[in-house]
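Colleague: Structure here, sequence nowhere to be found:
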Ligand code: 5GP
């Protein structure tokens, strides 16, 4: 039975009060239904309803359906004001959930309809972080700038330039890069040059890798960059040929993993909690951190 069906109120309080770190929170994947309702009400013409933007308790979607859902959510967050509101709400909700250190990650997006640029997108997130601090919320928030695989290397270069600019001007708020987006799209090797440049500039790298099976070559290419953290790494330890080398590499370099249990179950890349790769990495005492990744209301910490 899934943990979410078993939880007692006493346990919920314990998990709420437990001080936590959250290192893998995609901004547009962390919008609560309360905030989503506000966004939907602002854009009635889109005719988007709640069910199109959440995965309800006990429900699942395929990874492909999750990416389709993000496309719908992105239609609702199209202006700097939307991004500011979403950032502040998400931070407040993580703080209310007992998270003391939060790294948000998000893909800078330009929108012709509202005049939002990638730069004003980033500025809105940073304003949200700043304003939350001024409101004395008990949470320390940083930002990883996301490179979406879908954008390809030229967009990656542009985004990395922006990240470098804010890395230098924000004093430890912009820490580095996240690499994510649909793992079936694009080739990791095309991003090597921009990522090496980012490393040289001092940006940290948190890279989604091995989220789908049979990607050993691509995984090794990304691992050779010696990322600071790995997102998911779902199939690193699968029995496919070559995976032993990958596991050894990750162990040897002590690259920590961000493990998002509920997210993996909901997007069906892992069939059940007892088959989750957390068990493997925990059994060899490898540095790993349990993360939410998606939809705080449906998560267990
Ligand atoms: P945003 O960057 O717009 O704030 O957050 C949503 C984006 O995060 C999605 O469009 C997608 O590119 C990325 N994302 C969210 N969850 C996952 C995941 O589980 N795997 C990958 N590869 N990307 C994800």
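Modeller: Thanks, I have the structure now. This one's a predicted model, so the numbers in the text were calculated from it and none came from an experiment.
Colleague: Would you mind listing what in the stretch 1-150 of the chain touches the ligand?
Modeller: 26, 27, 28, 29, 70, 106, 107, 146, 148 (C-beta under 6 Å from any ligand atom). Using the backbone N, CA and C atoms, a C-beta is placed for each residue, glycine as well.
Colleague: Now neighbour count, secondary structure and pLDDT too, for the residues you listed, in TSV please.
Modeller: Formatted as TSV, these follow (neighbours: other C-beta atoms under 10 Å; DSSP: H, G, I helix; E, B strand; the rest coil; pLDDT from 0 to 100):
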residue	neighbour count	secondary structure	pLDDT
26	25	strand	97
27	22	helix	98
28	21	helix	97
29	22	helix	95
70	18	helix	95
106	25	strand	98
107	22	coil	98
146	24	strand	98
148	20	strand	98
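Colleague: Mind checking what secondary structure residue 122 has?
Modeller: helix (DSSP: H, G, I helix; E, B strand; the rest coil).
Colleague: Excluding chain neighbours, give the residue nearest to it in space.
Modeller: Leaving aside its sequence neighbours, residue 122 sits nearest to residue 108 (C-beta to C-beta, 6 or more residues apart in numbering; 5.3 Å).
Colleague: shouldn't that neighbour be in contact with residue 118?
Modeller: Yes - with contact defined as C-beta atoms under 8 Å, residue 108 counts as touching residue 118 (3.7 Å).
Colleague: Now do the shared contacts for these two.
Modeller: Taking C-beta atoms under 8 Å, 6 or more residues apart in numbering as the contact rule, residue 108 and residue 118 both touch 159, 162.
Colleague: For the stretch 201-301 of the chain, which segments count as strands?
Modeller: With DSSP state E, counting those that start in this stretch, the ranges of strands along the stretch 201-301 of the chain come out as 204-209, 229-232, 257-259, 288-290.
Colleague: would you turn these into TSV with mean pLDDT?
Modeller: Shown next, in TSV, are those (pLDDT from 0 to 100):
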stretch	mean pLDDT
strand 204-209	98
strand 229-232	98
strand 257-259	98
strand 288-290	96
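Colleague: if we compare these, which one ends up closest to residue 167?
Modeller: Closest approach to residue 167 among those is made by strand 204-209 (9.3 Å; C-beta to C-beta).
Colleague: neighbouring contacts of that closest one?
Modeller: So strand 204-209 is contacted by 23-24, 105, 144, 175-181, 183, 188, 195, 198-199, 215, 218-219, 222-223, 225, 227-233, 236, 258 (C-beta under 8 Å, 6+ apart).
Colleague: could you list every residue that touches residue 222?
Modeller: 179, 188, 207, 209.
Colleague: Grab the nearest non-local neighbour of it.
Modeller: Among residues not flanking residue 222 along the chain, residue 209 sits closest, at 4.6 Å (C-beta to C-beta, 6+ apart).
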